[in-house]
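Asks: Here is my input; please provide its structure:
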Amino acid sequence: MKQLLLLLFLSISVITIAQKQKISLEEDTIMVDSKPYAILEKKRGMTMAFTLKSLTGTELGYFNLQEFNDPKAANNANSNGRVTYFEVTFFNDSRQCEINIPASKKSVAKEIVENNLVKENAIDVEAESKFILINGMKFTERRKALGGTVIIINN
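Replies: Numbering: from 1, shown residues only. Sure, this is the predicted structure:
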């Protein structure tokens, strides 16, 4: 019986791993299972910001890294309580949300693909609505609660 359960568990694990999409970047092109999905261009200069484009070059959205200091986030490794997040703006309807992911191009690309934000060279409106609903504007709300000003770092 234990062997049967182990075999069943291993089979489900292999199927799950096999179904997972392979996300990669080739220059500015997001690739999903070796097929072009969308374009993600880093803004020139020292800022950590990315423009999401369709494969035809239409601008779809903007991911802009923001930061502020939150005393509640302070610890031994982060004495100032630095909080970073991406402010996401969708150009089709000007709606926004904020996401907390590592500040890298690969992380942004992965977030876009895993949330199915692009479909047929445009923003998938249903996926966008779900993405905005789930993520909200919690960092802006926290910043307002602290009564502080917005700090935009252009590294």
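Asks: Confirm that Thr51 sits in a helix.
Replies: No: assigned with DSSP: H, G, I helix; E, B strand; the rest coil, Thr51 falls outside any helix and is strand.
Asks: for this structure, which spans come out with low pLDDT?
Replies: 1-19, 148-155 (pLDDT under 70).
Asks: can you give me the strands in it?
Replies: 23-26, 29-32, 35-42, 49-53, 59-69, 82-90, 96-99, 118-119, 122-123 (DSSP state E).
Asks: ok now do Phe139, which residues does it touch?
Replies: Neighbouring residues of Phe139 by CB atoms under 8 Å, 6 or more residues apart in numbering: 66, 68, 83, 85, 98, 100. Placement of C-beta: from N, CA and C, glycine included.
Asks: Pick out the most distant pair among these.
Replies: Phe68 and Asn100 (12.5 Å; CB to CB).
Asks: okay, those two: which has more neighbours?
Replies: Comparing Phe68 with Asn100 by other CB atoms under 10 Å, the one with more neighbours is Phe68, at 21 against 11.
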